[in-house]
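Asks: Structure for the following, please:
(one chain, ligands or ions: 1)
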Amino acid sequence: MSNKTAVGKAAATKRGTGRTAEAKLADLRVRLAEISDLNGAGALLTWDQATYMPPGGSAVRARQGATLSRLAHEKFTDPEIGRLLDSLTVYADGLPKDSDDAALIRVARRDYDKAAKVPAAFVARMTEVGSASYDAWTRARPANDFATMRPYLEQMLDLSRQYAGYLGPYRHIADPLIDGPDEGMTVASVRALFSELRAALVPMVRAIAAQPVADDSCLRRAFPEDRQLALGLQAIRRFGYDFARGRLDKTHHPFCTKFGPGDVRITTRVKENDFGEALFSTLHETGHALYEQGVDPRYGGTPLDSGASSGVHESQSRLWENVVGRSRAFWEYFYPIARKAFPEQLGKVPLEAFYRAINKVERSLIRTDADEVTYNLHVMLRFDIELDLLEGRLEVKHLPEVWRARFATDFDLTPPDDRDGCLQDVHWYAGTVGGAFQGYTIGNILSAQFYAAALKAHPEIADEIAAGAFGTLHGWLNKRLYRYGRKYSPADVVKRATGKPMTLQPYLTYLRGKYGELYKLPV
Ligand code: ZN
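Replies: Predicted structure coming up:
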């Protein structure tokens with residue numbers, strides 16, 4: 001290895017302008033840190049907009065955000081970065097396989113190549129149409145007004161196709177759109193995964209639907225906001241969320257955001273007539289935040305300082321929200337605490353009834369409210385429809401009727417309107433059509449795979465959760481996954497942590513075990 005390194009260094013020096021590879025790497029790091037600062041400042045402005053900004057700030061804020069993202073894009077696509085990466089690629093080849101520097105060069109190269117393929121004017125156009133479309137959607141959805149959104153969606157679809165064209169060549173037009181958030185995945189691999197999962201889910205959903213619907217009325221009583229927020233804070237403090245490097249605030253659409261290794265924030269929303277809304281969205285965003293807080297702080301200011309992919313990220317939100325947060329073990333510990341917070345509301349509700357209520361399975365209209373079993377069918381519906389749109393087999397004007405027909409097939413339900421049909425998710429109306437949904441289901445699949453691997457290494461985790469101790473699980477995830485950030489590709493980090501490539505089996509075992517018991521399904 002050392003021989004190869006020496007050769008790499010010599011080559012890098014010869015090809016460059018006399019500077020050593022180390023000097024060039026230092027130069028690259030300075031540039032990447034500046035870009036990271038601009039992006040961090042932009043993220044802070046977005047966080048402020050979603051939490052505390054008065055409404056009057058929105059026009060100027062939109063411009064400020066656009067300015068920062070344009071500056072970051074310009075700095076990142078500076079040809080000098082391309083030249084530095086060109087000469088450092090040889091150097092990286094000579095470094096040990098596990099080297100952080102080699103990973104930094106690989107990841108920066110991947111991001112740079114993608115960014116450099118897309119003209120700045122196109123990026124600006126996409127941002128502009130996206131934000132106008134988003135703005136229109138915030139009014140059109142409550143008004144059930146698909147007609148207003150149709151021209152926007154036609155434009156977004158057209159831009160998505162162009163975007164894929166810039167990023168190509170590709171086998172399927174959606175491949176480059178998927179590879180962005182979920183590196184290494186393609187239409188073909190997602191389709192194969194989804195069809196296997198679908199074959200297992202459909203009979204499970206049918207068997208559950210044949211039984212009486214679980215009673216979750218205990219979750220619909222009056223739960224005062226301050227006590228809901230305090231309860232969520234108690235849970236995530238136990239999970240290990242570090243408040244010296246984070247905070248929780250209220251917003252309309254919960255999210256997690258990172259400004260740097262020492263500042264990873266989460267938001268939640270509260271419904272006073274719904275026990276689960278604030279708590280489970282807090283646990284979900286905490287999963288994202290634990291991942292980000294766990295990334296090696298030495299990666300700060302570089303593209304390595306974030307999760308491996310959208311699917312791997314989502315696996316952590318799902319692990320903490322569902323695999324832990326909706327487990328019987330967790331509630332053995334946490335239910336007495338919740339009852340103490342809400343004695344009038346939950347005092348007479350037995351643990352078992354509460355556990356059934358928070359795990360109620362029901363075919364329903366809205367993806368974000370869906371239970372663990374039916375959730376993935378919502379994702380598959382969107383995935384198939386967006387492929388049809390991108391391939392030109394479906395015209396935007398026919399989307400509402402196609403959505404209703406497919407929904408009836410998959411859920412035995414017909415959405416009464418577009419508001420709770422094809423207008424419900426913001427994704428197509430604010431970003432690309434394609435690439436945004438598969439990560440949710442990949443996340444569900446991986447949540448069980450990571451948890452099973454942690455449990456195999458530390459069988460005591462289950463008992464610890466029931467006792468309110470999460471350190472072993474959190475520690476294992478930190479050590480095997482979180483600290484690496486983007487150092488390894490999604491496929492590599494899954495394999496390193498769990499010993500296997502992504503596989504459906506742990507997730508099916510999890511669903512069959514949990515819901516088989518809850519609904520007494522034949523195994
Ligand atoms: Zn999430």
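Asks: Which secondary structure elements does the helix ranked longest in the chain sit against?
Replies: With residue count as the measure and DSSP state H as the assignment, the chain has helix 21-51 as its longest helix. In terms of contacts (3 or more C-beta pairs under 8 Å, 6 or more residues apart in numbering; DSSP states H and E), helix 21-51 is packed against helix 2-15, helix 58-76, helix 79-93, helix 100-117, strand 256-260, strand 263-268. All C-beta atoms are positioned from the backbone trio N, CA, C, and that covers glycine.
Asks: ranking the ones you listed by burial, who's on top?
Replies: Per residue and on average, the most neighbours among those fall to strand 263-268, with a mean of 23 (mean count of other C-beta atoms under 10 Å).
Asks: Between helix 21-51 and that one, find me the angle.
Replies: Put simply, strand 263-268 runs at 30 degrees to helix 21-51, going by axes from the mean of the first three to the mean of the last three C-alpha atoms, to 10 degrees.
Asks: returning to that earlier point: can I get the helices and strands packed on helix 21-51 in TSV with mean pLDDT and distance to residue 467?
Replies: Formatted as TSV, the entries for those read as follows, by pLDDT from 0 to 100; distance: least, C-beta to C-beta, whole Å:
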stretch	mean pLDDT	distance to residue 467
helix 2-15	44	49
helix 58-76	89	45
helix 79-93	96	46
helix 100-117	97	37
strand 256-260	97	27
strand 263-268	98	25
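Asks: of these, which approaches residue 227 most closely?
Replies: When the helices and strands packed on helix 21-51 are compared for distance to residue 227 using C-beta to C-beta, the nearest one is strand 263-268, at 13.8 Å.
Asks: before we move on, back to that, tell me which of the helices and strands packed on helix 21-51 lies nearest to residue 44.
Replies: Using C-beta to C-beta and comparing the helices and strands packed on helix 21-51, the one that lies nearest residue 44 is strand 256-260, at 5.5 Å.
Asks: For that closest one, which strands pair with it and how are they oriented?
Replies: Sheet neighbours of strand 256-260, with direction, are listed as strand 263-268 (antiparallel) (DSSP bridges).
Asks: mind giving me the domain ranges of this protein?
Replies: Per the record's domain assignment (automatic domain parsing), the chain is made up of the domains 3-171, 187-519.
Asks: centre of the chain versus the last one, how much separation?
Replies: Read it as domain 187-519. Its chain's average C-alpha position is 9 Å from that of domain 187-519, according to C-alpha atoms, centre = their mean, to the nearest Å.
Asks: Need the winner for burial among the domains of the chain.
Replies: Counting by mean count of other C-beta under 10 Å, domain 187-519 has the highest mean neighbour count of the domains of the chain, with a mean of 19.
Asks: would you list the domains of the chain in a markdown table and tack on distance to residue 178?
Replies: Written out in a markdown table, the entries for the domains of the chain read as follows (distance: least, C-beta to C-beta, whole Å):
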| stretch | distance to residue 178 |
| --- | --- |
| domain 3-171 | 10 |
| domain 187-519 | 5 |
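Asks: Go through those and find the least confident stretch.
Replies: Averaging pLDDT over each of those singles out domain 3-171 as the lowest, with a mean of 90.
Asks: the inter-axis angle of the longest helix of the chain versus helix 58-76?
Replies: Computed by the same axes, to 10 degrees, the angle between helix 21-51 and helix 58-76 is 170 degrees.
Asks: What distance separates the opening and closing residues of stretch 258-276?
Replies: Stretch 258-276 has an end-to-end distance of 25 Å (criterion: C-alpha to C-alpha, to the nearest Å).
Asks: Likewise for stretch 499-513?
Replies: End-to-end distance for stretch 499-513: 22 Å, by C-alpha to C-alpha.
Asks: Give me the contact list for that stretch.
Replies: Among residues not part of stretch 499-513, those counted as contacts by C-beta atoms under 8 Å, 6 or more residues apart in numbering are 193, 196-197, 200-201, 204, 323, 372-373, 442, 444-449, 451-453, 491, 494-495, 521, 523.
Asks: at 7 Å what do you get?
Replies: Outside stretch 499-513, the residues that touch it by C-beta atoms under 7 Å, 6 or more residues apart in numbering are 193, 196-197, 200, 204, 323, 372-373, 444-446, 448-449, 452-453, 491, 494-495, 523.
Asks: Residue 312 against residue 489, yeah?
Replies: No. Using C-beta atoms under 7 Å, residue 312 makes no contact with residue 489, being 9.8 Å away.
Asks: angle of the longest helix of the chain against helix 79-93?
Replies: Per the same axes, to 10 degrees, the angle that helix 21-51 makes with helix 79-93 is 120 degrees.
Asks: Give me the distance from helix 21-51 to the chain's centre.
Replies: When distances are taken as C-alpha atoms, centre = their mean, helix 21-51 is centred 21 Å away from the chain's centroid.
Asks: swap in stretch 83-100?
Replies: Its chain's C-alpha centre lies 29 Å from the corresponding centre of stretch 83-100 when counted by C-alpha atoms, centre = their mean.
Asks: try stretch 176-195
Replies: Relative to where its chain is centred, stretch 176-195 has its mean C-alpha point 15 Å off (C-alpha atoms, centre = their mean).
Asks: Would you mind listing the outside residues contacting the helix or strand harbouring residue 132?
Replies: Counting by DSSP states H and E, the element that carries residue 132 is helix 120-140. The contact list for helix 120-140 (C-beta under 7 Å, 6+ apart) reads 62, 66, 69-70, 73-74, 148-149, 152, 155-156, 159, 162-163, 166, 423, 426, 429-431.
Asks: Now residue 250: phi and psi?
Replies: Backbone geometry at residue 250, expressed as degrees, to the nearest 10, gives phi -90, psi 150.
Asks: Revised request: answer the last question for residue 342.
Replies: Main-chain torsions, residue 342, degrees, to the nearest 10: phi -130, psi 70.
Asks: Now do the contacts for the closest residue to it other than its chain neighbours.
Replies: Nearest residue to residue 342 in three dimensions, chain neighbours excluded: residue 223, at 6.0 Å (C-beta to C-beta, 6 or more residues apart in numbering). For residue 223, the set of contacting residues under the criterion of C-beta under 7 Å, 6+ apart consists of 272, 275, 342, 345.
Asks: So which other helices or strands are in contact with the one helix or strand the last one maps to?
Replies: So that's residue 345. Under DSSP H and E, the secondary-structure element containing residue 345 is helix 343-346. Other helices and strands packing on helix 343-346, by 3 or more C-beta pairs under 7 Å, 6 or more residues apart in numbering; DSSP states H and E, are absent; none qualifies.
Asks: For the helix or strand containing residue 356, which outside residues touch it?
Replies: Assigned by DSSP H and E, residue 356 falls within helix 351-358. Under the criterion C-beta under 7 Å, 6+ apart, residues 214-216, 218-219, 276, 326, 328, 331, 335, 346, 518 lie in contact with helix 351-358.
Asks: following it, which helix or strand shows up next?
Replies: Sequence order places helix 375-391 as the next helix or strand after helix 351-358, per DSSP H and E.
Asks: any idea how far residue 224 is from residue 252?
Replies: Counting by C-beta to C-beta, to the nearest Å, the gap between residue 224 and residue 252 amounts to 20 Å.
Asks: Ok, residue 381 next?
Replies: As for residue 381, its distance to residue 252 is 25 Å (criterion: C-beta to C-beta).
Asks: swap in residue 67?
Replies: For residue 67, the distance to residue 252 under the criterion C-beta to C-beta works out to 24 Å.
Asks: Check residue 176 too.
Replies: 31 Å.
Asks: Could you do residue 449 as well?
Replies: Distance, residue 449 to residue 252, by C-beta to C-beta: 32 Å.
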